[in-house]
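Undergrad: I would like the atomic coordinates for the input below:
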Amino acid sequence: MPGSEAGSLPSRPLTLAGNTPEPAPARGRLLGYSPVAIILLLGAAGAYYTHGALLEQDRLDRRMDFERDARTYFRAFEQRLQLHLNQMDALTAFFALDELPSPRAYQTFVGAYLERAAGVELIIWLPRENATVQAPYVMPAAHGAALEGRDFSADPDVARAMRNAAEKARPFYVSNAVLLGGLSAGNVLALAPVYRGNAIPGSAEGREEALRGYIAAVFRLQIVLESALDLAKERRIDAAIFDPYAADGIGLLAMRPAPSRREPVAPERLRLVPFSPDQDSIDIDLGTRRWSFVCTATPEYLKARPTKRPLFGAAAAMGFAVLVALYAVLDIDRRHRVERIVAVRTAELRGINVRLREEIGERKRFEQECDELMRLVESSNVQLHALNHRLARSNEDLQDFAYVASHDLQEPLRKIRVFAGRLRQRYEHLFDERGAEYVDLIESVAGRMQALISDLLKLSRITTHGEPFRRVDLNTVLEQVLSDLAVRLDESAAQIDVAPLPLIEADPMQMHQLFLNLLNNALKYRAAGRAPRIVVATAPENGNSGHENGYICLDVQDNGMGIEPENLEKIFTLFHRVTESAEHEGAGVGLAVCRRIVERHGGSITVQSVPGAGACFRIALPSRHGAAEAAAPDATRTDWISP
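TA: Next comes the predicted model:
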C-alpha cells in the first residue's frame, strides 16, 4: 500500500538546490529590535517618574517626621511656659488675701519664687486703682528705683492686656513692652489678675468688682526656650519665637542656639520660609498678640535621615526595564532562529514532497503491476484448481482401476496356480526333468504375481477403504504383529526388544500393516551369519513419552544389511527394491505402503542407515486426530543407535 513504507523516508535533512532560505537584510534585523529601544525609553521614563514620585514621597515623609518632632519641641516649650503660669497662680493666691502683704513679706515670698523659676527676671505688684509701680513691690529689689512711679496702663498694649486678663480671668502676655526698656530684649510681660479671696466671680460685673490688682511677671523667653528644649533632649533642630506684628518686621523674641554678640544672626534665620519642608511654624495665642514658634531642621538633622529610596526606586525601575529589554532581545533572537529553522524545514519539506510525489508515482506503478500479477495469479489459481480437480478425478480413477484390476486378476492367477497343481499331480510321471522345472516356474511366477496384486490392492485400499481414527494402544497392535510373525521369528532366531509405546488416534488396521511391513522388511534384509535384532521404541531424544509438539516419534531399528546412501529416498518409491537378488523375495511395495499409511495419518517417515550395520526407520505420528494440522516434526535422525 502507498502508506506502508512511510517509515522508510530519509531521517537526515534534505535540502534542494534553490530552496535554501536567504538571510534577512541587516536593516530588517535592526528594525526587529525596535521594541527593545521602546522598552528602554519607557523604562527610562518610568525610572524618572519613579524617582520624582519617591522624592515627593520622601519629602512628605520627612515633612511629617519633622512636624512630629516640632510638635514635640513645642509641647516641651508649652509645658515649661505652663509651669511658670502654675507658679504665678501661687503668687495670685498670695495677694488674694484680705489685706495687702507687707513689703517684707512680699519680698521674702517672691524671692523664694524667683529662686525656683528659671527665666523669670522680674515680679511686680500692680494695684487696681492705678497701675503705677511701687518700689517695695518690685523683685528683685534692684529694679525698684528704675521702675518707681511708672504707669503700666499708659502702654496701649499693656492696658489692653490688663483689660483682657480681668475679663477672661486668665493671664495675658505682652512682648517687648516699652515700659520695660531698662531690661534685656526678648522679654515677655505676663499679667495675671488677682481677685479678693482668690475666688473668680461668674459675671463680668462681679469680676470687675472683685478685682484687686495684677501680678506682672517678666519672662526671659531665651532661657525658657533653652530650658524647654533641654528637657526635650534634642539638639538637631533649631527653634525660634517671633512676634509677626513687631514694628521692625522681624520681631525675634528668642532662638536656640542663642545668637552671639560677635556673630550676628544670619538673615535667613530671621525669616519665615512658607511651605519649606525643613521648617515648621506653630502659632501661640497670647491674648493681645500671636507668636510664631518656628522650628528649623539643622544639617545634622537632615543627615540623620538620609534616604536613597528614590535612587533605589529609579534603579529598580530601570533594572526592570533592562530585564524586560533583555527578555525581548532573547525572544526576538529566538523568533529569528525559529524563523530560520522554519525556512530551512520548509525547504526540506519541499524537497521531501518532491521525493514523496516521485515515490507515490512509483508505488502507483508498482500497484498497477501488482494488480496485473494478482489477476495472473487468480487466473493461474483457477487453472490450477481445474487441474487439481482433474488430477483428483484421475487419481480416483486410477485407484478404482488398481482395485478393480487387482481384484479381477486374482481369479485368473488362482486358476493358473490350480491348473498348474493339477498338471503336476496327474501328469507328473509324463514330465521329464525340464517339464517339471517349467511347472515349478509357472507356480512361482503365479505366486509372485498374486503377491504383487495383493500388495497393490492393499495400497489402493489405504485411502479408499480406511477406517475412522480412534484411540489405539500401539502396544496391543505390536503384540498382534509379533504373533503373526511368530513362525518367521523362530525360524530366523530373531531378537525383538519392545519399549512401552503410547496411545494415539489412528486406524488400527493400518497401524498393524505399518508395523508388519517394517518388521517383515527387517527380517527379509537381515545380515548373513548374524541373528536379527529388532528394537521398537519411542525416540530417545524426546524422553520416555516421545512427544514433540503434539507428535509421537517411534524408531524401528535393526542390525541387518543396511541401505546404501543413494537408496535412502528411493526405497519408499513404488516397485523399488534395494537388491534384485532372488533370495530376497518381494515386489518393492511394502515401504511405499508404509509411507502412504503414515502420510494418511498426517505424519512422516524417514530412514537412516549405515551399510552393513543396519537401518533405523523414524516415524512421526500425531497423538490426536486434530494435531495433524500442526507442523510435523522433522523425523530425520542423524544419531540412530546401532544394535
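
Undergrad: OK, contacts around residue 472?
TA: Each residue near residue 472 by C-beta atoms under 8 Å, 6 or more residues apart in numbering is listed here: 503, 504, 505, 506, 507, 508, 511. For the C-beta atoms, the positions are set from N, CA and C on the backbone; glycine is no exception.

Undergrad: Could you check how many residues crowd around the third one?
TA: Counted by other C-beta atoms under 10 Å, the residues lying close to residue 505 total 18.

Undergrad: Shouldn't it be within a strand?
TA: Yes: counting by DSSP: H, G, I helix; E, B strand; the rest coil, residue 505 is located in a strand.

Undergrad: how near is it to residue 74?
TA: If you measure residue 505 against residue 74 using C-beta to C-beta, to the nearest Å, the figure is 126 Å.

Undergrad: Show the pLDDT at residue 103.
TA: Predicted confidence (pLDDT) at residue 103: the value is 82.

Undergrad: actually residue 408, sorry about that
TA: Reading off the model, residue 408 has pLDDT 68.

Undergrad: Buried residues in stretch 478-488, which are they?
TA: 478, 481, 482, 485 (16 or more other C-beta atoms under 10 Å).

Undergrad: Let me know the secondary structure of the third one.
TA: Which is residue 482. Under three-state DSSP, residue 482 comes out as helix.

Undergrad: Quick check: closest non-adjacent residue to it.
TA: Counting by C-beta to C-beta, 6 or more residues apart in numbering, residue 496 is the residue found nearest to residue 482 once chain neighbours are left out, at 6.3 Å.

Undergrad: Mind telling me what element that neighbour is part of?
TA: Under DSSP states H and E, the secondary-structure element containing residue 496 is strand 495-498.

Undergrad: count of neighbours near the closest residue to residue 480 other than its chain neighbours?
TA: Closest residue to residue 480 in three dimensions, ignoring its sequence neighbours and counting by C-beta to C-beta, 6+ apart: residue 512, at 6.1 Å. Residue crowding around residue 512 was assessed by other C-beta under 10 Å; the count is 18.

Undergrad: what's the answer for residue 40, then?
TA: A total of 16 residues lie near residue 40 under the criterion other C-beta under 10 Å.

Undergrad: How about it, nearest residue that isn't a chain neighbour?
TA: The shortest distance from residue 40 to any residue other than its chain neighbours is 5.3 Å, reached at residue 325 (C-beta to C-beta, 6+ apart).

Undergrad: How far does the longest helix anywhere in the chain sit from its chain's centre?
TA: Counting residues, the longest helix found in the chain (DSSP state H) is helix 309-427. Helix 309-427 has its C-alpha centroid displaced from the chain centroid by 42 Å (C-alpha atoms, centre = their mean, to the nearest Å).

Undergrad: and if you look at stretch 596-604?
TA: The gap between where stretch 596-604 is centred and where its chain is centred comes out at 65 Å by C-alpha atoms, centre = their mean.

Undergrad: same question, stretch 221-241
TA: 69 Å.

Undergrad: and what of stretch 219-232?
TA: Stretch 219-232 sits 74 Å away from the centroid of its parent chain (C-alpha atoms, centre = their mean).

Undergrad: Tell me the buried residues in that stretch?
TA: Residues 219, 220, 221, 222, 223, 224, 225, 226, 227, 228, 229, 232 are the ones in stretch 219-232 that count as buried (16+ other C-beta under 10 Å).

Undergrad: returning to that earlier point: I'd like to know which of the contacts of residue 472 are buried.
TA: If you count burial by 16+ other C-beta under 10 Å, the buried members of these come out as 504, 505, 506, 507, 508, 511.

Undergrad: Quickly list what the third one is bridged to.
TA: If I follow you right, that is residue 506. Following DSSP bridges, residue 506 is listed with bridge partners residue 470.

Undergrad: returning to that earlier point: got the CA coordinates for the host helix or strand of the residue nearest to residue 480 in PDB?
TA: For residue 512, the host element (DSSP H and E) is helix 508-524. Below are the C-alpha coordinates for helix 508-524, written out as PDB (Å, rounded to 0.1, in the frame of the first residue of the first chain):
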ATOM      1  CA  PRO A 508      -5.800 -49.800  14.000                       C
ATOM      2  CA  MET A 509      -5.700 -51.900  10.900                       C
ATOM      3  CA  GLN A 510      -3.300 -49.600   9.100                       C
ATOM      4  CA  MET A 511      -1.100 -49.400  12.200                       C
ATOM      5  CA  HIS A 512      -1.000 -53.200  12.200                       C
ATOM      6  CA  GLN A 513       0.000 -53.100   8.500                       C
ATOM      7  CA  LEU A 514       2.700 -50.500   9.200                       C
ATOM      8  CA  PHE A 515       4.500 -52.500  11.900                       C
ATOM      9  CA  LEU A 516       4.000 -55.700   9.900                       C
ATOM     10  CA  ASN A 517       5.700 -54.300   6.800                       C
ATOM     11  CA  LEU A 518       8.600 -52.800   8.800                       C
ATOM     12  CA  LEU A 519       9.300 -56.000  10.800                       C
ATOM     13  CA  ASN A 520       9.000 -58.100   7.600                       C
ATOM     14  CA  ASN A 521      11.500 -55.800   5.900                       C
ATOM     15  CA  ALA A 522      13.900 -56.100   8.900                       C
ATOM     16  CA  LEU A 523      13.600 -60.000   8.800                       C
ATOM     17  CA  LYS A 524      13.900 -60.100   5.000                       C
END
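
Undergrad: helices and strands around it, which ones?
TA: Contacting helix 508-524 under the criterion 3 or more C-beta pairs under 8 Å, 6 or more residues apart in numbering; DSSP states H and E are the following elements: strand 470-473, helix 474-484, helix 486-492, strand 533-538, strand 551-558, helix 590-600, strand 614-622.

Undergrad: neighbouring strands for the fourth one, and are they parallel or not?
TA: The one in question is strand 533-538. Note on strand 533-538: by DSSP bridges, its sheet partners are strand 495-498 (parallel), strand 551-558 (antiparallel).
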